[in-house]
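Undergrad: return a 3D structure for these sequence lines:
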Amino acid sequence: MRDISPRPDHTTILFIDRIEVRAYSRATEVLTRVESAVMAVYPREVYDQVRLDRVMAEGLSQNPIVVITGILQGNTACQTALESILARLSREDRQEILDTLANRLDESCKLYLRLDKQAAYLGRLEMARGPDLMSVQIQIRVYPRCSLDVVRRALEEIITTLES
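TA: Below you'll find the predicted structure:
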């Protein structure tokens, strides 16, 4: 996913700027397990570059909630992390991302995923099907501008490489 040229006369440069994984630890959950689930999204080789933030909040019933956010920045580390995330998802989950890409990519070129928090804690990455999830925001930078087609081609390139 380095340089992608959509037309011979123009060069499009795409890189991953930031990956943010956010999960909520409710009063009934063990905080360290939720932190482990957040970190499990990232490959081990970038652990030392992930900043883990904790913010205390309050739920609707005044129950304490801790918002845990893992933030990774920098193209090389984020590229490694994105490839790892996609590699650990099932073929069906990767296809789901491609099939729903128009709904997952916003105008600022952020890609949104929802991963199963419990599965991540157990060492697996799966798209979330229920409410116990972690949100993942992947900030993609595309020059000269963000394009759904360019992002789709880049993700398809990574996925094709993974499946070959």
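
Undergrad: and residue 121, how far from residue 92?
TA: To residue 92, residue 121 is 21 Å away according to Cβ to Cβ, to the nearest Å. To be clear about C-beta, it is placed using only N, CA and C from the backbone, and glycine gets the same treatment.

Undergrad: more neighbours, these two?
TA: Applying other Cβ atoms under 10 Å to residue 121 and residue 92 shows that residue 121 carries more neighbours, namely 21 against 9.

Undergrad: residue contacts, that one?
TA: 33, 34, 36, 37, 40 (Cβ atoms under 8 Å, 6 or more residues apart in numbering).

Undergrad: could you turn the buried ones of those into a PyMOL selection?
TA: With 16 or more other Cβ atoms under 10 Å as the criterion, this PyMOL line picks the buried residues out of these:
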select buried, resi 34+37+40
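
Undergrad: any idea which residue sits dead centre in the chain?
TA: Compute the mean C-alpha point of the chain, and by Cα atoms, centre = their mean the closest residue is residue 136, 4.0 Å away.

Undergrad: just to be sure, that one is in a strand?
TA: Yes. Residue 136 forms part of a strand when assessed by DSSP: H, G, I helix; E, B strand; the rest coil.
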